[in-house]
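**Q** Here you go, sequence then predicted model.
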Amino acid sequence: MTTLRFAPLAEADIDDIHKFISDDDPDIADRFVRELMDVFRMLAENPAAGRQRPDLDKSLRFFPP
């Protein structure tokens, strides 16, 4: 399993997003962050996932495809 590491500002952004959504629905906020982490793990384990975007940069990929 891949270990995810986040910059402090990225962690703060995720926390802020969770808090914002929680104001309306805490369960949805929890689910959103869980699903976001699932996507981050998948991308960490599959760095070539997504569609290539050579029109922007030959090494850039776009996700979701």
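**A** Nice, I can see it.
**Q** For the rest of this, base every contact and every neighbour count on C-alpha atoms.
**A** Will do.
**Q** For residue 63, report the pLDDT, please.
**A** pLDDT for residue 63: 80.
**Q** so where's the protein uncertain?
**A** The chain contains residues with pLDDT under 70 at 65.
**Q** could you pull out the helices for it?
**A** Assigned by DSSP state H, the helices in the chain fall at 8-22, 26-45.
**Q** now for the longest one, which elements pack on it?
**A** Translated: helix 26-45. Helices and strands touching helix 26-45, as assessed by 3 or more C-alpha pairs under 8 Å, 6 or more residues apart in numbering; DSSP states H and E, comprise helix 8-22.
**Q** that older thread, would you turn the helices of the chain into CSV with distance to residue 52?
**A** Output for those, formatted as CSV (distance: least, C-alpha to C-alpha, whole Å):
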stretch, distance to residue 52
helix 8-22, 24
helix 26-45, 14
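**Q** Could you report the distance from the residue lying farthest from the centre of the chain to residue 47?
**A** Relative to the centre of the chain, the most outlying C-alpha is that of residue 55, 23.2 Å out, by C-alpha atoms, centre = their mean. Using C-alpha to C-alpha, to the nearest Å, we find residue 55 at a distance of 19 Å from residue 47.
**Q** same thing with residue 21?
**A** In this view, residue 21 and residue 47 are 29 Å apart by C-alpha to C-alpha.
**Q** Give me the more crowded residue out of those two.
**A** Using other C-alpha atoms under 10 Å as the criterion, residue 21 and residue 47 rank with residue 21 on top: 16 against 10.
**Q** got a list of what residue 49 touches?
**A** Going by C-alpha atoms under 8 Å, 6 or more residues apart in numbering, residue 49 touches 43, 61, 63.
**Q** Quick check: phi and psi at it.
**A** Backbone torsions for residue 49, taken as degrees, to the nearest 10, come to phi -70, psi 150.
**Q** now swap in the one 4 residues further on and tell me
**A** Per-residue torsions, residue 53: phi -130, psi 70 (degrees, to the nearest 10).
**Q** gap between it and residue 64?
**A** 12 Å.
**Q** Looking at those two, which is more packed in?
**A** residue 53 (12 against 8).
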